[in-house]
Every structure is written in C-alpha cells, then in structure tokens.
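S.K.: Sequence and predicted structure below; questions after.
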Amino acid sequence: MMARVVAVLRSPWVRRGFVVLALAAAVWAVAVQWTEVREAAVRLGVGTLVVALLVGLVFVVLTMLSWRAVLTDMGSRLPVRSAASLFFVSQVAKYLPGGVWNILAAAEMGADHAIPRRRSISVMAVSLLVSVVTGSALALAAIAIAPGEGAATYGWIGWTFPVFLLLLAPPVLNQVLSLALRAVRRPPLEKPVSASGVAMSAGWSLLSWLTAGALVSLLAVPLGMEPGLATYAIAAGGYALAWTVGFLVLVVPAGVGVREAVLAAVLATQLTTGAVVLVVLLSRVLLTAADLILGAVGLLLARRGVVNTEETGSTAQP
C-alpha cells in the first residue's frame with residue numbers, strides 16, 4: 001500500500017498539480033486581504049511597501065540558508081542554486097492545510113538530488129527546531145524589555161525554551177531522530193547532526209529573525225511606533241514569538257490567524273488598534289508574496305537545471 005502511495009507521489013502530473021494547488025492557496029491568502037493592503041499602501045506609501053517586500057525576500061533567503069546548513073551537515077551538500085530551488089518551491093506548500101506538506105514536498109524534490117527521504121525529513125525537522133529555539137531566545141529578550149505585562153502574558157516561553165534548547169543538543173537530537181526512524185522502521189541516518197552544523201544553522205536563523213524584525217519595524221514606525229533599539233527588539237522578538245506559536249498550532253496552514261493574533265497582542269503596547277491591524281495584515285501579505293516570488297524563482301531555477309542537464313547529456317552522446 002505504501003509503495004503505491006509513493007509511486008503516486010512520484011508521478012510528474014501529481015507533483016505539478018500539487019505545486020499549482022499550493023500556489024493557488026498562497027495567492028488566495030493575499031487576495032482575501034487585498035482591500036486592506038490597498039488602503040495601507042495609500043497610508044504608508046508604495047515605496048515603504050516595496051522596501052518591506054525586499055526585506056521579506058531576504059528573510060526567506062536567510063531561512064533557506066539555515067536549512068541548507070543542516071542539510072550540508074547531515075551529508076547532502078547542494079550548490080546554493082539547487083538548494084534555493086528545492087527550498088523555495090517546497091515552502092509554498094505550507095499554505096495547504098495540514099502543516100506537513102512543505103516537509104513532504106522537500107522530501108520528494110530532494111529525492112531528485114539523491115537525498116534520501118528520511119534525511120530530507122530529518123533536516124527539515126532539525127531546521128524547524130533551530131528556528132523555534134532562536135525565535136524563542138529573541139522572544140525572551142523582547143519580553144524582558146517590553147512595557148506592560150509582557151512577562152505575565154508570555155512568560156510561559158521562558159520555561160518551554162530550555163526544553164527546546166535541550167532537544168537541540170546534538171547528543172539528544174541524534175538520539176531522538178534515531179528513535180523516530182526506528183519507530184517508522186526506517187534505517188538510521190548515515191551522518192549525525194554535529195554541534196558546528198547546529199551553530200551554523202542557528203546563526204543564519206538568528207539573522208532571519210532580526211530581518212523579520214526590520215520588516216515589522218518598517219511598517220510600524222510610520223504608523224506610530226517609536227523608533228529605537230528597544231522597540232526594534234520588541235518587533236523582532238514579537239514576530240519570532242508569533243511564528244513559534246503559529247508553528248506549534250499544526251491544524252492551521254502556515255499559522256494563519258494564530259500568528260497574527262500573537263503579533264497583534266505584542267504590538268498592542270506600541271500602536272493604536274488600527275495601526276496594529278495594518279501591520280499584522282501587511283506583514284502576513286508581504287511575506288506570503290515573498291514566498292510566492294521566490295517559489296516562482298525556484299521553479300525557474302529547477303527548469304533551467306533540467307534544461308542544462310538535458311543539453312549536457314545530449315552533447316555528451318557519441
């Protein structure tokens with residue numbers, strides 16, 4: 001039965017249909033909020049939105065580099081171009097309900113690069129855990145300096161953080177991965193996760209969260225948030241906290257609704273209600289647009305890679 005399911009997933013038509021469906025879901029996520037986005041463009045200015053979109057693109061690229069660091073550490077070193085194509089296209093699938101489709105998409109696409117599926121899934125799990133740990137660390141920093149009752153409201157992140165941090169320690173992490181693979185009757189990983197690989201991934205991940213904070217600040221400062229290091233830390237930590245909570249709520253695609261609610265609660269100490277709504281909606285739309293743009297870039301890179309391979313193969317024929 002499982003062999004039949006895998007065979008269906010490997011079908012080119014199924015894979016193409018999956019990509020189209022995921023793209024449609026992402027486009028719909030933008031379209032349903034288009035009226036608010038148009039009004040915000042008038043209020044903030046198109047130039048600010050364009051700069052924020054560029055920052056959003058950098059955020060997604062940095063997230064890819066964090067994932068690639070783990071992939072390299074676990075034995076599959078892909079060129080940046082191939083890694084970008086695989087990651088950007090697979091990430092569009094996170095907009096489908098279920099919370100696992102981007103992981104499955106990465107595993108299927110990774111198989112085209114001779115990456116074992118169990119390794120692809122393990123790499124995605126580790127990179128997501130790195131994101132949770134670095135995001136939680138930034139959230140703790142934001143809670144420490146946020147005015148009001150931030151510590152009372154979000155203090156739970158303080159006692160969950162050590163648990164995630166412990167899971168990220170290579171001896172513990174490798175044991176957990178081995179047990180998970182054994183539970184599903186899969187062979188063990190060929191190469192365990194190393195401390196240097198985790199550190200490299202965490203460095204890229206931390207940069208990505210700081211970039212997300214810059215995006216939120218770009219939108220929030222013109223709408224009334226005081227510029228400064230403290231408020232920037234709140235923006236970065238608030239977004240990281242919102243992403244982490246949205247990720248942990250697996251029943252909604254890409255944390256839709258949950259992420260916005262958490263970010264709105266954090267920003268409520270800095271902005272008026274109307275400004276909070278604009279920032280929350282725009283941050284979601286801009287990052288969704290960034291996923292779409294880079295997903296299209298990934299498809300183009302994949303297509304060019306296929307064409308180049310075919311041309312090389314035909315040239316090499318006697």
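M.R.: Cool, the structure landed.

S.K.: Output the below-cut-off pLDDT ranges for the protein.
M.R.: For the chain, residues meeting the criterion pLDDT under 70 lie at 1-41, 97-99, 143, 145-160, 248-258, 305-318.

S.K.: how about a cut-off of 80?
M.R.: Where the chain drops to pLDDT under 80, the residues are 1-45, 94-102, 140-164, 184-189, 230, 244-262, 264-266, 269-277, 281, 302-318.

S.K.: residue nearest the centroid of it?
M.R.: Thr63 (6.0 Å; CA atoms, centre = their mean).

S.K.: wouldn't that one be in contact with Ser208 here?
M.R.: Yes. The criterion here is CB atoms under 8 Å, and Thr63 meets it with Ser208 at 4.9 Å. Where you see a C-beta, it was placed from the backbone N, CA and C, and this is true even at glycine.

S.K.: tell me, what's touching these two both at once?
M.R.: Ser131 (CB atoms under 8 Å, 6 or more residues apart in numbering).

S.K.: Now do the helices in this protein.
M.R.: Using DSSP state H, the helices found in the chain span residues 2-9, 12-31, 34-44, 46-73, 80-91, 101-111, 117-145, 150-154, 156-168, 170-183, 195-220, 229-248, 258-267, 273-316.

S.K.: quick one, what contacts the residue nearest to the centre of the chain?
M.R.: Taking CB under 8 Å, 6+ apart, one finds Phe87, Ser131, Trp204, Ser205, Ser208 in contact with Thr63.

S.K.: quick one: the last one and His113, what's the gap?
M.R.: When distance is defined by CB to CB, to the nearest Å, Ser208 is 23 Å away from His113.

S.K.: These two: which is more packed in?
M.R.: The neighbour comparison of Ser208 against His113 (other CB atoms under 10 Å) goes to Ser208, with 24 against 16.

S.K.: Provide a list of residues in contact with the residue nearest to that one when sequence neighbours are not counted.
M.R.: Distance criterion CB to CB, 6 or more residues apart in numbering; nearest residue to Ser208, sequence neighbours excluded, is Leu62 at 3.7 Å. Going by CB under 8 Å, 6+ apart, Leu62 touches Trp204, Ser205, Leu207, Ser208, Thr211.
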